[in-house]
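# pasting a predicted model and its sequence here:
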Amino acid sequence: QVRLVQSGTEVQKPGASVKVSCRTSGYTFTDFYVHWVRQAPGQGLEWVGWINPHSGDTNYAQTFQGRVALTGDTSINTAYMEVTGLRPDDTAVYYCAKEAVDNSCFDYWGQGSLVIVSS
Amino acid sequence: QSVLTQPPSVSGAAGQSVTISCTGSSSNIGAGYDVHWYQQFPGTAPKLLISGDRDRPSGVPDRFSGSKSGASASLAITGLQADDEADYYCQSFDTSLRGVFGGGTKLTVL
């Protein structure tokens, strides 16, 4: 079955960087885009960006342009999201999600990775 | 401020029906992009509820239905049950192929 398993909680200081992983299984990693979504405490969902694991092409929300990098390692079917220049308002749960085959919805989600930015 | 507009909250009595609206613009829903809906319980990842404007994934009860007209979409829930209490989000894409979400709607079952 399809699974997306994310790395655990990270605590980082302002200005630092964090790299979150999303290990996929149960489908062909290179066939489907992987999206990343952020949810700050008590807030709604915010789209971060997508990566095409086959080509490495990416697309980012303007809010995250220049501070987020999405990458993929096809040898271990894993997607990564790196956020640089962390700020306290980057404290959030970050989800990875697989795009569906027949439309652009997110049909499978990771369990979420909590990133806490605090001095 | 979210790109797609949803009411912050809706409520309905058990057994009754509610509708959650999702309003976009000519840059996203109105440009023809599909609308998808997700259900999220506290502390858990969102779950796909409706895809492609109106399609229910396997396992989603037919009490949930989606529709779209122009730059707006709606999620209807009939026969409300206590375990429908959750947050509901609409999602689409814009003309730059960037994802957009609604701000979310908290459903309370009275």
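Good, I have the coordinates.

# buried residues, stretch A:27-41. List them.
Within stretch A:27-41, the residues scored as buried using 16 or more other Cβ atoms under 10 Å in any protein chain shown are A:27, A:29, A:32-39. Backbone N, C-alpha and C define where each C-beta goes, glycine included.

# B:K47 against A:W109, yeah?
Yes: if you go by Cβ atoms under 8 Å, B:K47 and A:W109 touch, sitting 7.4 Å apart.

# and chain B, which of its residues are near chain A?
Within reach of chain A by Cβ under 8 Å from any Cβ of the partner chain, chain B has these residues: B:2, B:33-34, B:36, B:38, B:40, B:45-48, B:51-52, B:55, B:57, B:87, B:89, B:91, B:93, B:96-104.

# B:A71 against B:G24, yeah?
Yes: taking Cβ under 8 Å as the definition, B:A71 is a contact partner of B:G24 at 4.8 Å.

# what about the buried residues of stretch A:27-41, which are in strands?
By the criterion of DSSP state E, membership of those in strands covers A:34-39.

# chain B next: which of the residues you listed are close?
Counting by Cβ under 8 Å from any Cβ, A:35, A:37 from these sit close to chain B.

# so which of the ones in strands among the buried residues of stretch A:27-41 comes closest to B:F64?
A:V37 (21.0 Å; Cβ to Cβ).

# check contacts around that closest one.
Counting by Cβ atoms under 8 Å, 6 or more residues apart in numbering or on different chains, A:V37 touches A:45-48, A:94-97, A:106, B:46, B:99, B:101.

# and chain A, which residues reach chain B?
Counting by Cβ under 8 Å from any Cβ, the residues of chain A close to chain B are A:35, A:37, A:44-47, A:49-50, A:59-62, A:95, A:100, A:102-107, A:109-112.

# residue in chain A with the shortest distance to chain B?
Nearest residue of chain A to chain B (Cβ to the nearest Cβ) works out as A:W47 at 3.4 Å.

# what bridges to that residue?
Under DSSP bridges, the beta-bridge partners of A:W47 are A:V37.
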